[in-house]
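Q: Got a predicted structure plus its sequence, pasted below:
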Amino acid sequence: MLLSDISQKIQRGDKLAMLTCYDATFAKLMESEGVDILLVGDSLGMVLHGQTDTLQVTLQDMCYHTRTVAAGARQTVIMADMPYGTYEHDQELALQHAQQLINSGAHIVKIEGGGAMVNTAKYLIDRGISVCAHLGFTPQSVNQLGGYKIQGKTESAANIIMQDAQAMSDAGVSFVLLEMVPAQLARTITQSINAPTIGIGAGADCSGQVLVLQDLLGIYSGPANKPADAFKAPRFVRNFLSETGSVQSAVRAYIHAVKAGTFPAPQHSY
Ligand code: KIV
């Protein structure tokens, strides 16, 4: 499937189901179940490496996992995160790093932040790289944001996210991913901008949804150095494995629930 096929789905009003994926076995399984986009997320720093955040993930890590995902899924759009420190300072370097991800098998790269990152997104897009802009809670800024917190709660904070989404859409991004923002704000953004939105903790009215694989399976229990019973899954997580009994049917149920508009439900939203 190409990015243009995804655009046609959105024009038909279909919801997009995206999942994080980090290896060939899951990529093959997810492709066979019909997931629209595989995200090689830098969440792999947390769910595979056991770290407390995504900040130590390297470009080499991302290229390695992107290659393994691309080996397992030949027909599905693959999005890869540009890791922390690889795109923020220098647009030419950002282009070289994005090209490494594309050479590893990604079709589109994701960068975090609005504001100063709008010009970087445009620089990449003008040079043939498709870009997704990640707004709202941006995990690479977790320290600046003071932890894993919902964003855009006040009118002024919501306006900034709205303006960033508009600017990224005008710059030509293929998607705007909204993480942990009020459902009402995500709805307004989705109705206002040209780019399709993909939500995680952003309510049901985005153009599509994404979930971290380990959250969908209910197997993530926090960083390696913290006790599992100290971990509380975020509100937007739903354990599809416990509902279905197998990995394959959990992925299938997630895709079905996203397409049917039953996930996320109000209890998964802010
Ligand atoms: O890295 C990741 O998995 C992500 C999701 C949280 C959207 O960016």
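A: Received it, and whenever you're ready, just let me know what you need. Small disclaimer: the values here were computed from a predicted structure and weren't measured.

Q: CA only for contacts and neighbour counts going forward, please
A: Noted.

Q: by contact count, what packs against the helix or strand Met62 falls within?
A: Met62 is part of helix 59-72 when elements are defined by DSSP states H and E. Counting contacts by 3 or more C-alpha pairs under 8 Å, 6 or more residues apart in numbering; DSSP states H and E, helix 59-72 packs against helix 24-33, strand 37-40, strand 77-81, helix 91-103.

Q: residues from the stretch 1-150 of the chain in reach of the ligand?
A: Applying C-alpha under 6 Å from any ligand atom, we find that the stretch 1-150 of the chain lies next to the ligand at Thr20, Gly41, Asp42, Ser43.

Q: What's the nearest residue in the stretch 101-250 of the chain when you look at the ligand?
A: The ligand sits closest to Val212 of the stretch 101-250 of the chain, with a gap of 5.6 Å, by C-alpha to the nearest ligand atom.

Q: same deal with the chain?
A: Gly41 (3.3 Å).

Q: Counting neighbours, what do you get for that residue?
A: 24 (other C-alpha atoms under 10 Å).

Q: From Met79, how far off is Arg187?
A: Distance of Arg187 to Met79, given as C-alpha to C-alpha, to the nearest Å: 23 Å.

Q: Between those two, which is the more surrounded one?
A: Met79 (26 against 17).

Q: thought the more buried one was touching Ser104?
A: No. Met79 is not in contact with Ser104 according to C-alpha atoms under 8 Å; the separation is 11.0 Å.

Q: and the residues of the stretch 1-150 of the chain next to the ligand as a markdown table, adding pLDDT and secondary structure?
A: Output for these, formatted as a markdown table (pLDDT from 0 to 100; DSSP: H, G, I helix; E, B strand; the rest coil):
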| residue | pLDDT | secondary structure |
| --- | --- | --- |
| Thr20 | 98 | strand |
| Gly41 | 98 | coil |
| Asp42 | 98 | coil |
| Ser43 | 98 | coil |
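
Q: which of these count as buried?
A: For those, a burial check counting by 16 or more other C-alpha atoms under 10 Å picks out Thr20, Gly41, Asp42, Ser43.

Q: of all these, which two lie farthest apart?
A: Thr20 and Asp42 (9.3 Å; C-alpha to C-alpha).

Q: hang on, the earlier thing: rounded mean pLDDT for the helix holding Met62, please.
A: In this model, helix 59-72 has a mean pLDDT of 98.

Q: what angle sits between it and strand 77-81?
A: 170 degrees (axes from the mean of the first three to the mean of the last three C-alpha atoms, to 10 degrees).

Q: just the angle between helix 59-72 and helix 24-33, please?
A: 50 degrees.

Q: ok now helix 59-72, how far from the chain's centre?
A: Computed by C-alpha atoms, centre = their mean, to the nearest Å, the chain-centroid distance of helix 59-72 equals 16 Å.

Q: same thing with stretch 38-54?
A: Using C-alpha atoms, centre = their mean, the offset of stretch 38-54 from its chain centre is 12 Å.

Q: likewise stretch 231-246?
A: With C-alpha atoms, centre = their mean, you get 18 Å for stretch 231-246.

Q: ok, and what's touching that stretch?
A: Applying C-alpha atoms under 8 Å, 6 or more residues apart in numbering, the contact partners of stretch 231-246 are 200-201, 211, 215-218, 221-222, 247, 249-251, 253-254, 264, 267-269.

Q: could you redo the last one with a cut-off of 7 Å?
A: 200-201, 215-218, 221-222, 247, 250, 253-254, 268-269 (C-alpha atoms under 7 Å, 6 or more residues apart in numbering).

Q: can you check stretch 105-117 too?
A: Counting by C-alpha under 7 Å, 6+ apart, 66-67, 70, 77-82, 98, 129-135, 138, 164 sit against stretch 105-117.

Q: Briefly note if stretch 216-231 comes near the ligand.
A: No. Judged by C-alpha under 6 Å from any ligand atom, stretch 216-231 and the ligand are separated, with a smallest distance of 12.0 Å.

Q: So for that stretch, first residue to last residue, what's the gap.
A: End-to-end for stretch 216-231, by C-alpha to C-alpha: 16 Å.

Q: tell me the average confidence for that stretch?
A: The pLDDT scores in stretch 216-231 average 95.

Q: Also stretch 175-184?
A: What stretch 175-184 shows for mean pLDDT is 98.
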